[in-house]
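K.L.:
build me a model:
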Amino acid sequence: MLPSKISISKDAGGVLRALAQRARLTPNLLARMALTTSLEGGALGQLARPGEGSGQEFNTYTLLGTDQDVYLALVELVEGNASIELDSDRLIDCMVAHIERGISQMALRVKTPSDVARLMAGAPA
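P.N.:
Numbering: from 1, shown residues only. Have a look, this model is predicted:
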């Protein structure tokens, strides 16, 4: 079961705010896009969570909507390992780490709203 709220690091929150201004999209939508962008890039490897989530806070239902089970299944599929079982806390940590990695990736590639459209269409931005 997911907590009602999740937080990203302060650094990632600052980058997300700047990205939201450039892309003219809400932070929730950008965070969801960041999650899928990072998942597309594969497993995180060594999980490194910067900070303790003292940055931007998201309502989990607003962030993931009715598809939260799908997003969690995708995180589990990408991060799953036969030798390591992902408990719910580790799964949430992986999801937050993917959001933060995706924010960093998107910040490098998105300068205008049209860059977001190209990124989501699969074309290089």
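
K.L.:
E85 versus I103, what's the distance?
P.N.:
27 Å (CB to CB, to the nearest Å). In short, each C-beta sits where N, CA and C put it, glycine included.

K.L.:
can you check Q105 too?
P.N.:
28 Å.

K.L.:
what's the answer for S9, then?
P.N.:
25 Å.

K.L.:
give me the contact list for the least confident helix or strand in the chain by mean pLDDT.
P.N.:
The weakest-scoring helix or strand in the chain, judged by mean pLDDT, DSSP states H and E, is helix 113-121 (a mean of 82). Contacts with helix 113-121, where a contact means CB atoms under 8 Å, 6 or more residues apart in numbering, come from 22-25, 33, 37, 106, 109-110, 124-125.

K.L.:
likewise stretch 58-76?
P.N.:
2-8, 27-28, 31-32, 35-36, 39, 86, 91, 94-95, 98.

K.L.:
can you select the buried ones from those residues in PyMOL?
P.N.:
The PyMOL command for the buried members of those (criterion: 16 or more other CB atoms under 10 Å) is given here:
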select buried, resi 2+6+7+8+27+28+31+32+35+39+86+91+94+95+98
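
K.L.:
tell me which of the contacts of stretch 58-76 fall in strands.
P.N.:
5-7 (DSSP state E).

K.L.:
separation between the most centrally placed residue in the chain and S114?
P.N.:
What sits nearest the mean C-alpha location of the chain, by CA atoms, centre = their mean, is I99, with 1.7 Å. Going from I99 to S114 by CB to CB gives 23 Å.

K.L.:
show the pLDDT at the closest residue to H98 other than its chain neighbours.
P.N.:
Ranked by CB to CB, 6 or more residues apart in numbering and with sequence neighbours excluded, the top spatial neighbour of H98 is S38, at 4.0 Å. If you check S38, the pLDDT there is 93.
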